[in-house]
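Visitor: here is my input, please return the structure:
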Amino acid sequence: MVGSRPLSLLVWAGLLGCRAEKSDNEREPAPKQATAPSSRTKDQRGNAGQPAVLYLPAEGLGVVESGQRERVGFWEQPIAVRRRCPPEMVDIRGEYCIDRFEASLQDQRTHRPFSPYYPANVQDTQHWFEQGQILRATSKTEAGRSLAVPVPPEYQLTGSVKPMAISVQNQVPNGYMSGATAARACQNAGKRLCTASEWRSACRGQKQSRYPYGDEYRQGLCNVFRATHPAGVLHGDPSVHHLDPRLNLVTDSDGPLLRKTGELATCRSEFGSDAVFDMVGNLDEWVAGPPGLFLGGFYARATRDGCDSEISVHAYEYLDYSLGFRCCL
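Guide: Below you'll find the model as predicted:
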């Protein structure tokens, strides 16, 4: 028994050591140090390398007091949100940003504005400026013969231009856009074309309704299903001459067929105190492709589908007077 006593002591020491080790392991783990999120992630749409948030103010994200307001172009907006997006964009549930207004174009280098009545390259602008004169002279209607052809800026006829999308209130948005050109214009602005799901979700607003203003169609709240077709006015046939640069200058008894951005306060998709404008009507809007897909309907499209309106029969390179876009981040 004398020889067994040291063994017992060793067993007790081992048990005490195990108990001490277990107590250490049962303690709450030390909190992990916060690390800055990677600037390149794989988002839920599977876009490897797509930045989750491309815009961060130099001072970081901060809460703006609810009583303050800021001016974005001609529109003064209340701001009581965390700053995630550039000021010309709307934060959609903290998931992505979308342009508040349909896109206008300017040159990336000089910031000179493009005419909204021509395609976004010099060669096509030259061609359709000349063709417009011919179409006016040979028109079958009095309106077609009397409406003057808009004169594009000299640099858009002779210079070297690189279209960049901007989002500004109270501007005639650029029509005559192909999906491919729209994507380049967003890229030149440091943005991208929206996906179809992003576009539709932004159109439906925070209540996710069928129309920007609610679930029931109401004529006139958005600029869609107008009774007048511009090609019918200028050429006596709605199906012809869809690159005539005068089409978006036509008016009827209700005013201009193509309205300026943000002109209809009733066509707003609300997110808190902010809103996205004209997502139904005004211009059809390209979304990311190919294949070609544009959404929302334009002013003369006979649709009551609201945010579900879509056209998918044209190639991504197709363009005409009724096609515009906006960008996302």
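
Visitor: from here on, just use CA atoms for contacts and neighbour counts.
Guide: Will do.

Visitor: the helix or strand hosting residue 157: what's the following helix or strand?
Guide: Using DSSP states H and E, residue 157 sits in helix 154-158. Going down the chain from helix 154-158, the next helix or strand is strand 163-166, by DSSP H and E.

Visitor: give the rounded mean pLDDT of the host helix or strand of residue 134.
Guide: Here residue 134 sits within helix 122-138, counting by DSSP H and E. Averaged across helix 122-138, pLDDT comes to 97.

Visitor: what distance separates the helix or strand just after that helix from the middle of the whole chain?
Guide: Going down the chain from helix 122-138, the next helix or strand is helix 142-146, by DSSP H and E. Put simply, helix 142-146 sits 35 Å off its chain's centre (Cα atoms, centre = their mean, to the nearest Å).

Visitor: ditto for stretch 275-282
Guide: Averaging C-alpha positions (Cα atoms, centre = their mean) puts stretch 275-282 10 Å from its chain's average.

Visitor: check stretch 229-238 too.
Guide: 30 Å.

Visitor: what residue ranges in the protein score low on pLDDT?
Guide: The chain contains residues with pLDDT under 70 at 1-83.

Visitor: can you show me the helices along it?
Guide: Using DSSP state H, the helices of the chain run over residues 5-26, 122-138, 142-146, 154-158, 179-188, 196-204, 230-235.

Visitor: reformat the ones you listed as TSV; add mean neighbour count.
Guide: Conversion of the helices of the chain to TSV gives the following (neighbours: other Cα atoms under 10 Å):
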stretch	mean neighbour count
helix 5-26	11
helix 122-138	16
helix 142-146	16
helix 154-158	16
helix 179-188	23
helix 196-204	21
helix 230-235	22
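
Visitor: and those helices: which comes nearest residue 271?
Guide: Closest approach to residue 271 among the helices of the chain (Cα to Cα): helix 196-204, 8.6 Å.

Visitor: list the helices and strands the closest one packs on?
Guide: Packing partners of helix 196-204 (3 or more Cα pairs under 8 Å, 6 or more residues apart in numbering; DSSP states H and E): strand 268-271.

Visitor: which strands or helices does the strand it packs on pack on?
Guide: Packing partners of strand 268-271 (3+ Cα pairs under 8 Å, 6+ apart): helix 196-204, strand 274-277.

Visitor: hmm, try it at 6 Å
Guide: strand 274-277 (3 or more Cα pairs under 6 Å, 6 or more residues apart in numbering; DSSP states H and E).

Visitor: now the helix holding residue 157, how far from the centre of its chain.
Guide: Remark: helix 154-158 is offset 27 Å from the chain centroid, using Cα atoms, centre = their mean.

Visitor: ok, residues contacting that helix?
Guide: 122, 126 (Cα atoms under 6 Å, 6 or more residues apart in numbering).

Visitor: picking that back up, among the helices of the chain, which comes closest to residue 93?
Guide: Checked against Cα to Cα, the stretch from those lying closest is helix 196-204, at 9.5 Å.

Visitor: give me the contacts around that closest one.
Guide: Residues outside helix 196-204 that contact it (Cα under 6 Å, 6+ apart): 210-212, 269, 279, 287, 307.

Visitor: most neighbours among these, which one is it?
Guide: Within the contacts of helix 196-204, most neighbours by other Cα atoms under 10 Å means residue 279, with 32 neighbours.

Visitor: residues contacting the residue nearest to residue 189 when sequence neighbours are not counted?
Guide: With Cα to Cα, 6 or more residues apart in numbering as the criterion, residue 189 has its nearest non-adjacent residue at 5.4 Å, and that residue is residue 164. By Cα under 6 Å, 6+ apart, residue 164 lies in contact with 105-108, 185, 188-189.

Visitor: if we go to 7 Å?
Guide: Residues near residue 164 by Cα atoms under 7 Å, 6 or more residues apart in numbering: 105-108, 185-186, 188-189.
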